[in-house]
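Enquirer: My questions are about this predicted structure, shown below with the sequence.
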Amino acid sequence: MIKLVVLGAPGAGKGTQAARLAEHFGIPTISTGALFRTHMAAGTELGELAASYINHGNLVPDEVTTGMLAERLSEPDVAAGFILDGYPRNLEQAAVLDETLGDEGLTAVVDFEIRGTEVVNRLLARAAIEGRSDDTEEIIRHRLMVYREKTAPLVDYYRERGLLVPVDAVGEVDEVTARTIAALSDAG
Ligand code: ADP
(Lines give C-alpha, C1' and ligand atoms only; values in the text may rest on other atoms or scores of the structure.)
Protein backbone atom coordinates (compact mmCIF):
# COMPACT_ATOMS: atom_id res chain seq x y z
CA MET A 1 0.00 0.00 0.00
CA ILE A 2 1.37 3.40 -1.01
CA LYS A 3 0.72 6.42 1.15
CA LEU A 4 2.34 9.59 -0.15
CA VAL A 5 2.38 13.23 0.82
CA VAL A 6 3.34 15.83 -1.77
CA LEU A 7 4.97 19.02 -0.52
CA GLY A 8 6.01 22.14 -2.37
CA ALA A 9 5.40 25.87 -2.51
CA PRO A 10 2.16 27.10 -4.08
CA GLY A 11 2.85 26.92 -7.81
CA ALA A 12 5.43 24.14 -7.53
CA GLY A 13 3.05 21.93 -9.50
CA LYS A 14 2.33 19.47 -6.76
CA GLY A 15 -1.38 19.25 -7.62
CA THR A 16 -0.61 18.41 -11.25
CA GLN A 17 2.02 15.89 -10.27
CA ALA A 18 -0.18 14.36 -7.57
CA ALA A 19 -2.87 13.64 -10.17
CA ARG A 20 -0.34 11.95 -12.43
CA LEU A 21 1.19 9.91 -9.64
CA ALA A 22 -2.31 8.85 -8.57
CA GLU A 23 -2.95 7.54 -12.07
CA HIS A 24 0.43 5.80 -12.20
CA PHE A 25 -0.06 4.02 -8.87
CA GLY A 26 -3.83 3.53 -9.25
CA ILE A 27 -4.69 5.31 -6.02
CA PRO A 28 -6.79 8.43 -5.29
CA THR A 29 -5.46 11.91 -4.65
CA ILE A 30 -6.85 13.77 -1.70
CA SER A 31 -6.42 17.51 -2.12
CA THR A 32 -7.60 19.59 0.83
CA GLY A 33 -7.53 22.72 -1.38
CA ALA A 34 -9.79 21.01 -3.94
CA LEU A 35 -12.12 19.74 -1.18
CA PHE A 36 -12.41 23.31 0.12
CA ARG A 37 -13.09 24.66 -3.37
CA THR A 38 -15.86 22.07 -3.85
CA HIS A 39 -17.48 23.23 -0.60
CA MET A 40 -17.06 26.88 -1.64
CA ALA A 41 -18.67 26.27 -5.03
CA ALA A 42 -21.57 24.42 -3.38
CA GLY A 43 -21.98 27.24 -0.85
CA THR A 44 -21.90 24.92 2.19
CA GLU A 45 -21.29 26.28 5.67
CA LEU A 46 -17.82 24.77 5.68
CA GLY A 47 -17.18 26.38 2.28
CA GLU A 48 -18.14 29.82 3.52
CA LEU A 49 -15.95 29.49 6.56
CA ALA A 50 -13.02 28.22 4.47
CA ALA A 51 -13.43 31.05 1.93
CA SER A 52 -12.90 33.67 4.62
CA TYR A 53 -9.38 32.29 5.14
CA ILE A 54 -8.53 31.06 1.64
CA ASN A 55 -9.40 34.33 -0.08
CA HIS A 56 -6.86 36.09 2.13
CA GLY A 57 -4.18 33.49 1.54
CA ASN A 58 -4.34 32.22 5.12
CA LEU A 59 -4.58 28.65 6.34
CA VAL A 60 -8.01 27.35 7.29
CA PRO A 61 -8.01 26.48 11.04
CA ASP A 62 -6.62 23.02 11.81
CA GLU A 63 -9.75 21.62 13.43
CA VAL A 64 -11.84 22.40 10.34
CA THR A 65 -9.26 20.99 7.94
CA THR A 66 -8.51 17.92 10.00
CA GLY A 67 -12.20 17.08 10.41
CA MET A 68 -12.76 17.33 6.67
CA LEU A 69 -9.71 15.16 5.99
CA ALA A 70 -10.68 12.51 8.54
CA GLU A 71 -14.04 12.18 6.82
CA ARG A 72 -12.39 11.76 3.43
CA LEU A 73 -9.91 9.20 4.79
CA SER A 74 -12.80 7.08 6.04
CA GLU A 75 -14.13 6.53 2.51
CA PRO A 76 -13.53 3.05 1.04
CA ASP A 77 -11.42 4.07 -1.97
CA VAL A 78 -8.45 5.04 0.19
CA ALA A 79 -8.02 1.46 1.42
CA ALA A 80 -5.50 0.79 -1.38
CA GLY A 81 -3.46 3.88 -0.55
CA PHE A 82 -3.59 7.59 -1.35
CA ILE A 83 -1.69 10.73 -2.20
CA LEU A 84 -2.21 13.70 0.08
CA ASP A 85 -1.92 17.06 -1.64
CA GLY A 86 -2.14 20.09 0.65
CA TYR A 87 -2.11 18.24 3.95
CA PRO A 88 -0.22 18.51 6.24
CA ARG A 89 0.51 22.22 5.93
CA ASN A 90 2.03 22.81 9.35
CA LEU A 91 3.75 20.79 12.09
CA GLU A 92 0.53 20.40 14.08
CA GLN A 93 -1.23 18.78 11.12
CA ALA A 94 1.80 16.52 10.58
CA ALA A 95 1.49 15.30 14.17
CA VAL A 96 -2.23 14.59 13.66
CA LEU A 97 -1.45 12.67 10.48
CA ASP A 98 1.21 10.56 12.24
CA GLU A 99 -1.33 9.72 14.90
CA THR A 100 -4.06 8.91 12.37
CA LEU A 101 -1.86 6.61 10.29
CA GLY A 102 -0.35 4.83 13.29
CA ASP A 103 2.62 2.43 13.10
CA GLU A 104 2.74 1.81 9.39
CA GLY A 105 2.78 5.52 8.59
CA LEU A 106 3.66 7.18 5.31
CA THR A 107 5.57 5.51 2.47
CA ALA A 108 7.32 8.71 1.40
CA VAL A 109 7.02 12.49 1.23
CA VAL A 110 7.83 14.03 -2.14
CA ASP A 111 9.12 17.60 -1.97
CA PHE A 112 8.81 19.51 -5.25
CA GLU A 113 11.63 22.05 -5.17
CA ILE A 114 11.37 25.39 -6.97
CA ARG A 115 12.53 29.01 -6.52
CA GLY A 116 10.19 31.75 -5.28
CA THR A 117 10.43 33.95 -8.38
CA GLU A 118 9.46 31.04 -10.63
CA VAL A 119 6.35 30.22 -8.60
CA VAL A 120 4.94 33.76 -8.70
CA ASN A 121 5.13 33.67 -12.51
CA ARG A 122 3.51 30.25 -12.66
CA LEU A 123 0.70 31.26 -10.30
CA LEU A 124 -0.08 34.43 -12.22
CA ALA A 125 -0.24 32.38 -15.42
CA ARG A 126 -2.58 29.89 -13.73
CA ALA A 127 -4.75 32.75 -12.43
CA ALA A 128 -5.36 33.85 -16.00
CA ILE A 129 -6.57 30.33 -16.90
CA GLU A 130 -8.41 29.05 -13.82
CA GLY A 131 -9.61 32.27 -12.23
CA ARG A 132 -9.08 31.01 -8.69
CA SER A 133 -10.14 33.61 -6.10
CA ASP A 134 -6.80 33.35 -4.26
CA ASP A 135 -4.54 33.82 -7.28
CA THR A 136 -4.06 37.62 -7.31
CA GLU A 137 -0.47 38.85 -6.98
CA GLU A 138 -0.88 40.22 -3.47
CA ILE A 139 -2.55 37.07 -2.17
CA ILE A 140 0.02 34.90 -3.95
CA ARG A 141 2.83 36.71 -2.13
CA HIS A 142 1.03 36.24 1.15
CA ARG A 143 0.51 32.52 0.47
CA LEU A 144 4.23 32.16 -0.25
CA MET A 145 5.02 33.81 3.08
CA VAL A 146 2.60 31.49 4.88
CA TYR A 147 4.24 28.58 3.06
CA ARG A 148 7.74 29.60 4.19
CA GLU A 149 6.64 30.16 7.76
CA LYS A 150 4.27 27.28 8.37
CA THR A 151 4.75 24.60 5.73
CA ALA A 152 8.47 24.69 4.82
CA PRO A 153 9.47 23.35 8.30
CA LEU A 154 7.81 20.07 7.25
CA VAL A 155 10.73 19.47 4.87
CA ASP A 156 13.11 19.08 7.84
CA TYR A 157 10.49 17.20 9.83
CA TYR A 158 10.18 14.50 7.17
CA ARG A 159 13.89 14.51 6.28
CA GLU A 160 14.70 13.68 9.89
CA ARG A 161 12.27 10.76 9.67
CA GLY A 162 13.98 9.44 6.54
CA LEU A 163 10.83 9.93 4.43
CA LEU A 164 11.82 12.90 2.27
CA VAL A 165 12.23 12.42 -1.48
CA PRO A 166 13.32 15.74 -3.04
CA VAL A 167 12.45 16.30 -6.70
CA ASP A 168 13.47 19.22 -8.92
CA ALA A 169 10.14 20.75 -9.98
CA VAL A 170 11.56 22.78 -12.87
CA GLY A 171 11.01 21.29 -16.32
CA GLU A 172 8.25 19.87 -18.51
CA VAL A 173 5.35 18.28 -16.63
CA ASP A 174 6.14 14.82 -18.09
CA GLU A 175 9.80 15.16 -17.18
CA VAL A 176 8.98 16.03 -13.57
CA THR A 177 6.57 13.06 -13.36
CA ALA A 178 9.22 10.67 -14.69
CA ARG A 179 11.78 12.12 -12.28
CA THR A 180 9.40 11.63 -9.37
CA ILE A 181 8.59 8.01 -10.22
CA ALA A 182 12.31 7.27 -10.60
CA ALA A 183 13.14 8.99 -7.29
CA LEU A 184 10.41 7.02 -5.50
CA SER A 185 11.63 3.69 -6.84
CA ASP A 186 15.22 4.58 -5.88
CA ALA A 187 13.98 5.41 -2.40
CA GLY A 188 12.59 1.85 -2.33
P1 ADP B 1 -1.73 25.76 -3.49
O2 ADP B 1 -1.11 24.42 -3.66
O3 ADP B 1 -1.67 26.58 -4.72
O4 ADP B 1 -1.27 26.48 -2.27
P5 ADP B 1 -4.20 24.53 -2.47
O6 ADP B 1 -5.29 24.20 -3.39
O7 ADP B 1 -3.40 23.39 -1.91
O8 ADP B 1 -3.28 25.58 -3.26
O9 ADP B 1 -4.75 25.38 -1.23
C10 ADP B 1 -5.49 26.56 -1.38
C11 ADP B 1 -5.83 27.16 -0.02
O12 ADP B 1 -6.66 26.23 0.73
C13 ADP B 1 -4.63 27.44 0.91
O14 ADP B 1 -4.02 28.67 0.65
C15 ADP B 1 -5.31 27.39 2.28
O16 ADP B 1 -6.01 28.59 2.55
C17 ADP B 1 -6.36 26.29 2.12
N18 ADP B 1 -5.84 24.98 2.59
C19 ADP B 1 -5.59 23.91 1.81
N20 ADP B 1 -5.11 22.88 2.54
C21 ADP B 1 -5.04 23.33 3.81
C22 ADP B 1 -4.60 22.77 5.05
N23 ADP B 1 -4.11 21.51 5.12
N24 ADP B 1 -4.69 23.52 6.17
C25 ADP B 1 -5.17 24.76 6.14
N26 ADP B 1 -5.57 25.38 5.01
C27 ADP B 1 -5.51 24.68 3.86
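Expert: In hand now; what should we look at? Numbers count the residues shown, from 1 in each chain.

Enquirer: who touches whichever residue of the chain sits closest to the ligand in this structure?
Expert: Among all residues of the chain, residue 33 sits closest to the ligand, at 1.9 Å; criterion: Cβ to the nearest ligand atom. Quick note: C-beta positions are derived from backbone N, CA and C, even for glycine. Neighbouring residues of residue 33 by Cβ atoms under 8 Å, 6 or more residues apart in numbering: 15, 54, 85, 86.

Enquirer: Tell me the buried residues in the helix or strand that contains it?
Expert: Secondary structure from DSSP states H and E places residue 33 in helix 32-42. For helix 32-42, burial by neighbour count (16 or more other Cβ atoms under 10 Å) applies to 32, 33, 35, 36, 37, 39, 40.

Enquirer: sorry, back to before: which entries in the contacts of residue 33 are shared with the contacts of the ligand?
Expert: For the ligand, the contacts drawn from these by Cβ under 6 Å from any ligand atom are 15, 54, 86.

Enquirer: By neighbour count, which of those residues wins?
Expert: When those are compared by neighbour count (other Cβ atoms under 10 Å), residue 86 ends up highest, at 24 neighbours.

Enquirer: pretty sure that one is touching residue 29, no?
Expert: No. Using Cβ atoms under 8 Å, residue 86 is not in contact with residue 29; the gap is 9.7 Å.

Enquirer: Would you tell me whether the helix or strand of the chain with the lowest mean pLDDT gets close to the ligand?
Expert: Every helix and strand of the chain was ranked by mean pLDDT, DSSP states H and E. The lowest is helix 116-130, at a mean of 86. No. Contact between helix 116-130 and the ligand is absent, the nearest approach being 7.0 Å (criterion: Cβ under 6 Å from any ligand atom).
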